[in-house]
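A.B. asks: Give the three-dimensional model of this entry:
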Amino acid sequence: MLDLRNCDLDNLNSVTKYPSIPTYHSLDPRNGGLLDDRVPFTGPVIGTEKVDGTNARIITLPDGSYLLGSREELLYAKGDLIGNPALGIVAELRRVADALPVPAADRIEVRFLEVYGGKVTGASKNYTGDRRVGHRLFDAIHLTDYEDLLAQPRAALSDWREAGNQPFLAEEELQKLAAADGLTLTPRLFILDAVDLPDGMEETQAFLTQHLPHTLSGLDDSAVGTPEGIVLRTPDRSTIAKARFQDYSRTLKRRNR
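C.D. replies: Numbers count the residues shown, from 1 in each chain. Below you'll find the model as predicted:
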């Protein structure tokens, strides 16, 4: 069984980081605008709200310990007297982590949550007028055979992660996990067939407005309510992409000059 005190924490950090998610229409590396080619989907596609906060992790280990992390760093381990206060992640998620079950001996569980509101980002006013802080579960992985994985060179682990090899839970499993943990998922907006997804820029901008005119993740009644965008994903999570309002607004403004 993994012992946190003898574990290579840098490797554990690497294998549990959330990977980069492509934009629905490709980003132009020259100016950050969008290009016409897009991520191809087939079959049913689930749309979920993309919440504008900070990416956080709860890593639960079979020895009964856990770690809290931001997207890039590990911030706190169970029992620490002092934790890194960055972005309010530890303050928001420590009690959540304390209540989670211990994983089976053969796996490490990682829950990915968006921590938002308060002073987390400049977009916090869209979710709260009273500086409240909240969190939403949006993904999870279960790592089995982790001892062999953690023994790999760090560069190989980064390549493994970015190649899409992390074993993410499918939608049905994620729903069950959230219910068992008492966690709230990012809002589910629709399930559509891939043929009904938008193609062009203007069409996609209208699609976003139609399906998410106002955030569904508000923390109080005084929130401004402007949403960030929609994440598109297949039920097995083999294909995933994000579509953000500001990307389409910026690109179309440039094109219409």
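
A.B. asks: for the stretch 1-150 of the chain, what spans make up the strands?
C.D. replies: Per DSSP state E, counting those that start in this stretch, the stretch 1-150 of the chain carries strands over the ranges 25-27, 34-38, 44-50, 54-60, 66-70, 74-77, 107-117, 133-144.

A.B. asks: Glu171: which of those strands is closest?
C.D. replies: Nearest to Glu171, of all these, is strand 44-50, at 6.0 Å by C-beta to C-beta. No exception for glycine: its C-beta is placed from N, CA and C like everyone else's.

A.B. asks: which strands and helices sit next to that closest one?
C.D. replies: strand 188-193, strand 229-233, strand 240-244 (3 or more C-beta pairs under 8 Å, 6 or more residues apart in numbering; DSSP states H and E).

A.B. asks: change it to 10 Å
C.D. replies: Using 3 or more C-beta pairs under 10 Å, 6 or more residues apart in numbering; DSSP states H and E as the contact test, the elements touching strand 44-50 are strand 133-144, helix 171-181, strand 188-193, helix 201-211, strand 229-233, strand 240-244.

A.B. asks: would you put the C-alpha positions of that strand in CSV?
C.D. replies: Only the C-alpha atoms of strand 44-50 are listed here, as CSV (Å, rounded to 0.1, in the frame of the first residue of the first chain):
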residue,chain,number,x,y,z
PRO,A,44,-24.3,11.8,-28.0
VAL,A,45,-22.7,14.9,-26.5
ILE,A,46,-23.2,16.2,-23.0
GLY,A,47,-23.1,20.0,-22.4
THR,A,48,-22.0,21.3,-19.0
GLU,A,49,-21.5,24.8,-17.7
LYS,A,50,-17.8,25.9,-17.6
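
A.B. asks: For that strand, buried residues please.
C.D. replies: 45-50 (16 or more other C-beta atoms under 10 Å).

A.B. asks: Adding distance to Asn31 and pLDDT, write those residues out as CSV.
C.D. replies: Formatted as CSV, those follow (distance: C-beta to C-beta, whole Å; pLDDT from 0 to 100):
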residue, distance to Asn31, pLDDT
Val45, 28, 98
Ile46, 31, 98
Gly47, 27, 98
Thr48, 28, 98
Glu49, 27, 98
Lys50, 22, 98
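
A.B. asks: Using TSV, lay out those together with distance to Arg237.
C.D. replies: TSV is the format used below for the buried residues of strand 44-50 (distance: C-beta to C-beta, whole Å):
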residue	distance to Arg237
Val45	11
Ile46	9
Gly47	14
Thr48	11
Glu49	16
Lys50	15
